[in-house]
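Engineer: got a predicted model here, sequence first, then my questions.
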Amino acid sequence: MRVAALVPVKRFSAAKARLSGAVDEQQRAQLARWTATGVVGAFGDIDVYIACDNDDVAEWARELGHAVIWGPGLGLNGAIDDGVAAVADAGYDQIVIAHADLPRPTSLSTVARRNTITLVPDDRRDGTNVMSFPLTDTVQAAYGARSFERHLAAARQAGICLEVRADPDLALDIDTPDDLTHPLIREVLPTWLRTNQANRRSV
């Protein structure tokens, strides 16, 4: 089974806007780059494609040795569907789609299962942090509020094996200042964020 990963990455300087009350602009960009680097690195030997529309992100991806799928003006869902089509055209059998803001992504390489759609919801079972499916049975991207519900409904209609994985690490993402206080996230935050009041941790 040939597996590829697709990671949509927003312009680093525009990422994590909801953290603006707790983390300054420069650190938000650093944090976005840090989480994205961790996510793509967690795939190990799996080929990684980066969906983006920003030159700095594309340069970062190529420096790490990853292919870029350029999709200007498509939005998140359009960029993912476009990326899925490009990965399918490249001859892969299975795809794993992961958000770039997962602070504990170490189990990402285990998500893909042959002839199976796998959904990993966030810890509120609202969003879909990770999704995998065979490229013969694609699930259209439906990200945004309550995306897990929509992806689950689409996966059930596909008529193949479905796994909803409750993964305590992959369920974590960084969207709000409160996320920075989560004990499992605080454990892995880079040292330059540990003095930030938002995570209430002293060095």
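Structural biologist: Looks like it came in fine.

Engineer: quick check: next helix or strand after the helix or strand hosting residue 36?
Structural biologist: Residue 36 belongs to helix 25-42 when assigned by DSSP states H and E. The C-terminal neighbour of helix 25-42 among helices and strands, as given by DSSP H and E, is strand 47-52.

Engineer: which outside residues touch that following strand?
Structural biologist: With contact meaning CB atoms under 8 Å, 6 or more residues apart in numbering, strand 47-52 is reached by 3-11, 40, 57-58, 61, 66-71, 79-80, 82-83, 86-87, 92. In short, each C-beta sits where N, CA and C put it, glycine included.

Engineer: do you know how far residue 79 is from residue 143?
Structural biologist: To residue 143, residue 79 is 10 Å away according to CB to CB, to the nearest Å.

Engineer: which ones among the contacts of strand 47-52 map onto helices?
Structural biologist: Here DSSP state H is the test, and the contacts of strand 47-52 give 40, 57-58, 61, 79-80, 82-83, 86-87 as lying in helices.

Engineer: ok so, going back, list the contacts of the helix holding residue 36.
Structural biologist: By CB under 8 Å, 6+ apart, the surrounding residues in contact with helix 25-42 are 5, 7, 9-10, 12-13, 15-17, 19-20, 23, 48, 50, 60-61, 64, 66, 98-103, 105-109, 174, 190, 192-193, 196.

Engineer: buried subset of these as a ChimeraX selection?
Structural biologist: Command for ChimeraX that selects the buried part of these, burial taken from 16 or more other CB atoms under 10 Å:
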select :5,7,9,10,12,15,16,19,23,48,50,60,61,66,98,99,100,101,102,103,105,107,108,174,193,196
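
Engineer: now do the contacts for the spatially most central residue of the chain.
Structural biologist: For the chain, the residue nearest the mean C-alpha position is residue 99 (1.2 Å; CA atoms, centre = their mean). By CB under 8 Å, 6+ apart, residue 99 lies in contact with 7-8, 39, 129-130, 173.

Engineer: top of these by neighbour count?
Structural biologist: The most crowded member of the contacts of residue 99 is residue 8, carrying 27 neighbours; neighbours defined as other CB atoms under 10 Å.

Engineer: residue contacts, that residue?
Structural biologist: With CB under 8 Å, 6+ apart, residue 8 has these contacts: 50-52, 76, 79-80, 83, 97, 99-100.

Engineer: for this structure, just list every one of the strands.
Structural biologist: 3-8, 47-52, 67-70, 94-98, 116-121, 128-134, 161-164 (DSSP state E).

Engineer: switch those over to a markdown table; also include mean pLDDT.
Structural biologist: Output for the strands of the chain, formatted as a markdown table (pLDDT from 0 to 100):
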| stretch | mean pLDDT |
| --- | --- |
| strand 3-8 | 98 |
| strand 47-52 | 98 |
| strand 67-70 | 97 |
| strand 94-98 | 98 |
| strand 116-121 | 98 |
| strand 128-134 | 98 |
| strand 161-164 | 98 |
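
Engineer: quick check: phi and psi on the residue nearest to the centre of the chain?
Structural biologist: Dihedral angles phi and psi of residue 99 (degrees, to the nearest 10) take the values phi -70, psi 160.

Engineer: no further questions, thank you.
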